[in-house]
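Asks: Sequence plus predicted model, see below.
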Amino acid sequence: IPCVPWQSQTSGQYQRRVHGKCVGATKLGNQSLTISWKKLVKAKNANAGILNKRQLLFGIFDQKLHSGPEADTLALLKKCSEEICKLTPTPGTNFCGSFGHLAGGYDAAYYGYMWSEVFAADMFYSRFKKEGLLNPETGASYREHILSNGGSVDGDEMLRRFLGRDPTMEAFLVDKGLQSEAKL
């Protein structure tokens, strides 16, 4: 779960109040700021489907590749890509040769990136957005339960302590524009 801390903080930039501070709300009128913010959120969600399918492709490909003693990487990637993304890799290329995660110590754990996004969205919507992005108590809880532990406490345990419950996927679906925030 090493990506959860930074991923949980990226959601803040899509909140209207933070966006206003970033673009200089005093220079834009309220109506222009609202239009700018809505465009930003739409752009974030515009390609959510294909981007998440791509992440799934990488995770499933990684799992299948590491599930047997050997594999034809080009054939396996082509099959996975066509099944998951409905796309055929460009002929004459070998993406596998530049996909460093395959042999760089992840060893069938690439799927963890998607779980990091699920957990990060849950943390953001359940605590930071609900309690306030700049709430000092929420920040202190985040520091105490997530950041200060480093790798000394199991990631699942840190997450449960910070959330005060088991994690769920609902916030991830909201973050991707696939579910209404009213369901949270």
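Replies: Received it, and whenever you're ready, just let me know what you need.

Asks: Next, name the residue at the spatial heart of the protein.
Replies: E117 (2.8 Å; Cα atoms, centre = their mean).

Asks: before we move on, what SS does that one have?
Replies: State at E117, reduced to three classes by DSSP: H, G, I helix; E, B strand; the rest coil: helix.

Asks: Isn't it up against F172?
Replies: Yes - E117 lies in contact with F172 (Cβ atoms under 8 Å); the separation is 6.2 Å. For every residue, glycine as well, the C-beta is placed using N, CA and C.

Asks: Show me the shaky parts of the protein.
Replies: Low-confidence segments of the chain (pLDDT under 70): 1-9, 12-31, 33, 106-108.

Asks: Do a quick rundown of the helices in this structure.
Replies: 4-10, 16-23, 30-46, 48-65, 73-84, 112-123, 130-131, 136-145, 155-163, 170-175 (DSSP state H).

Asks: before we move on, back to that, do you know how far the residue nearest to the centre of the chain is from N45?
Replies: E117 sits 14 Å away from N45, going by Cβ to Cβ, to the nearest Å.

Asks: Also G112?
Replies: 23 Å.

Asks: which of these two has more neighbours?
Replies: The neighbour comparison of G112 against N45 (other Cβ atoms under 10 Å) goes to G112, with 19 against 15.

Asks: Report how many residues lie close to P167.
Replies: For P167, using other Cβ under 10 Å, the count is 19.

Asks: One more: K64?
Replies: 15.

Asks: Let me know whether it touches C80 as I believe.
Replies: Yes - using Cβ under 8 Å, K64 is in contact with C80, at 6.8 Å.

Asks: Who are the contact partners of M114?
Replies: N52, Q55, L56, G59 (Cβ atoms under 8 Å, 6 or more residues apart in numbering).

Asks: And these, which is closest to Q179?
Replies: N52 (13.5 Å; Cβ to Cβ).

Asks: I'd guessed the closest one sits against K176; true?
Replies: Yes - taking contacts as Cβ under 8 Å, N52 lies within contact range of K176: 6.6 Å.

Asks: coming back round to it: could you pick out the buried ones from the contacts of M114?
Replies: Q55, G59 (16 or more other Cβ atoms under 10 Å).

Asks: Please tabulate the contacts of M114 in TSV, including the columns distance to A71.
Replies: Below are those laid out as TSV (distance: Cβ to Cβ, whole Å):
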residue	distance to A71
N52	24
Q55	20
L56	18
G59	16
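
Asks: Tell me the one of the contacts of M114 nearest T88?
Replies: Distances from T88 to these, taken by Cβ to Cβ, are shortest for L56, at 16.8 Å.

Asks: What distance do you get for that closest one to K183?
Replies: Counting by Cβ to Cβ, the gap from L56 to K183 is 23 Å.

Asks: what's the answer for M158, then?
Replies: Taken as Cβ to Cβ, the span from M158 to K183 is 25 Å.
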